[in-house]
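Asks: sequence unknown, structure follows:
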């Protein structure tokens, strides 16, 4: 089924409903206690500590495999996205949007959230009838809370898996704080309160597992094609060895991935090597530029409010140069 993207102001019948939901969600953020420079989280948040680690980006393939296992999400990506034709560009835009929500000033975060919501207005259609899913033949839209919830849950679940795999386990206080901070992200994404976690990461895990055990997921030709594009993008088997080992068994089965003890041992070796390399990089250089820039922005705001002049953040500059040189990343 090959459908063209629709113009949201003419064809999408849900645009007014979705816009009202989004505006109501954003209005909830008016009570934020932070300054504009601090954004919606601030330097003391656990979100800044988690998202500043570049290793969480290694979970990108895992998140995509999970998301594409939902036929409505896969169909939306296939018909209305540049994902398969511009992997590098799409990846950069996704990372930029994520960092804007987490590390941006309030104005930057709200701008990114609004832009993302408006783009999603253009993505809607009908799930093909021939998929083995309860969504077969049903209409879908990218701003549907059900789909936002699945994409957000799989993204957040993956970020936690990567952080605790390569950095450390979150303690109970941090887990509660992180769960509550992610409600802010949910509002920024236009996800109303009934879809939020209950203030614990255990509830997030339950929601994730409930969908895995439901009749919603089905991997068809679209999902397989997108997965193949990802795995063929970079030569070698590193991505497959890392990603497949991090997928829930039910998802591996849906994609027809044969996972043996040999593959598991290869996966564990990859994880061990990445962990060693991660520990070898000094934190000053390891943290992503967006984090350093956010810290510098907050410090500059405090200095201006106190009458002091801005200070040069040499660590920020060093980190930027490091990432631009070795990873081609720009904060």
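Replies: Thanks, I have the structure now. Quantities reported herein were computed from a predicted structural model and do not represent experimental measurements.
Asks: next one: stretch 65-85 to chain centre, how far?
Replies: Distance of stretch 65-85 from its chain centroid, counting by CA atoms, centre = their mean, to the nearest Å, is 14 Å.
Asks: start and end of it, how far apart?
Replies: 17 Å (CA to CA, to the nearest Å).
Asks: that stretch: which residues count as buried?
Replies: 65-81, 83 (16 or more other CB atoms under 10 Å). Where C-beta positions appear, they are placed from N, C-alpha and C, glycine not excepted.
Asks: run a quick neighbour tally on residue 301.
Replies: If you count neighbours by other CB atoms under 10 Å, residue 301 ends up with 16.
Asks: tell me the secondary structure of it, please.
Replies: Under DSSP: H, G, I helix; E, B strand; the rest coil, residue 301 falls in the helix class.
Asks: OK, contacts around it?
Replies: Applying CB atoms under 8 Å, 6 or more residues apart in numbering to residue 301 gives the contacts 35-38.
Asks: just the ones of those residues in helices?
Replies: Among the contacts of residue 301, DSSP state H puts none in helices.
Asks: those: which two are farthest apart?
Replies: Largest separation among the contacts of residue 301 by CB to CB: 36 and 38, giving 7.4 Å.
Asks: what's the overlap in contacts for the two?
Replies: 105, 301.
Asks: which of those two has more neighbours?
Replies: With neighbours defined as other CB under 10 Å, residue 36 and residue 38 compare such that residue 38 has more, 21 against 15.
Asks: shouldn't the more buried one be in contact with residue 299?
Replies: No. Residue 38 is beyond contact range of residue 299, at 10.7 Å (criterion: CB atoms under 8 Å).
Asks: where does residue 125 sit: helix, strand or coil?
Replies: At residue 125 the chain is in strand, as set by three-state DSSP.
Asks: helices of the stretch 51-200 of the chain, start to end?
Replies: 60-68, 71-80, 87-103, 106-120, 145-166, 172-188 (DSSP state H, counting those that start in this stretch).
Asks: helices or strands next to the last one in the packing?
Replies: If you count contacts as 3 or more CB pairs under 8 Å, 6 or more residues apart in numbering; DSSP states H and E, helix 172-188 packs onto helix 15-27, helix 46-51, helix 87-103, helix 106-120, helix 145-166, helix 201-212.
Asks: and the angle for the longest one with helix 172-188?
Replies: Helix 145-166 and helix 172-188 are oriented at 150 degrees to each other (axes from the mean of the first three to the mean of the last three CA atoms, to 10 degrees).
Asks: quick one: average pLDDT of helix 145-166?
Replies: In this model, helix 145-166 has a mean pLDDT of 97.
Asks: what sits against the nearest residue to residue 188 once chain neighbours are set aside?
Replies: Among residues not flanking residue 188 along the chain, residue 113 sits closest, at 4.2 Å (CB to CB, 6 or more residues apart in numbering). By CB under 8 Å, 6+ apart, the contact set of residue 113 is 26, 101, 188-190.
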